[in-house]
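Novice: how would this look folded up:
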Amino acid sequence: MDITETLRKAIYSNNYWKHSDFSSVMEVLSFHYGINIEMDTEKITALHLGNKTIGYICLNYPLIFIESQYALQVKNLLHTFHDIEYIMVNTLSNPYLSVDPDIYNTYFDFMENLNAFSAEDFYFYNVN
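Specialist: Next up, the predicted model:
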């Protein structure tokens, strides 16, 4: 699944995300899910339900990778935030995502294979 357009929309959609909306989204989600981020060092946070990671949320852009079975609930909780782009995946570890190297390499950290990666790979390459 090519996520180039989704990344592009997230990158250009909301200049205030990192400085205001991200914190508000974290506050809303923290009532229902586990969230832990070091704002000074990390660029992505993991979203947990119990001991299971169900998604990843970018600090710099309004972008959420979420397992499909949890997407509707998360979208409903965040319905007032209109600029969020969602990438829904069956599992976070399935390496079937792809992206145009030009957009990825301009805004995100180096990742080896941009033709077959998982949401989990995206997280690990971009977390710090």
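
Novice: can you dump the C-alpha atoms of stretch 41-50 in CSV for me?
Specialist: This file holds the C-alpha atoms of stretch 41-50, laid out as CSV (Å, rounded to 0.1, in the frame of the first residue of the first chain):
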residue,chain,number,x,y,z
THR,A,41,13.7,13.5,22.4
GLU,A,42,11.1,11.4,20.7
LYS,A,43,9.2,12.1,17.4
ILE,A,44,6.7,9.3,17.6
THR,A,45,4.7,7.8,20.4
ALA,A,46,3.2,4.4,20.7
LEU,A,47,-0.5,3.9,21.5
HIS,A,48,-1.2,1.0,23.8
LEU,A,49,-4.3,-0.9,24.8
GLY,A,50,-3.2,-3.0,27.8
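
Novice: for it, which positions count as buried?
Specialist: Going by neighbour count (16 or more other CB atoms under 10 Å), the buried part of stretch 41-50 is 43, 44, 45, 46, 47. The C-beta positions use only the backbone N, C-alpha and C, and glycine is treated the same way.

Novice: same question for stretch 32-42.
Specialist: For stretch 32-42, a neighbour-count test (16+ other CB under 10 Å) marks 33, 34, 35, 37 as buried.

Novice: save the residues you listed as a markdown table, and put in secondary structure and pLDDT too.
Specialist: Written out in a markdown table, the entries for the buried residues of stretch 32-42 read as follows (DSSP: H, G, I helix; E, B strand; the rest coil; pLDDT from 0 to 100):
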| residue | secondary structure | pLDDT |
| --- | --- | --- |
| 33 | coil | 97 |
| 34 | strand | 95 |
| 35 | strand | 93 |
| 37 | coil | 82 |
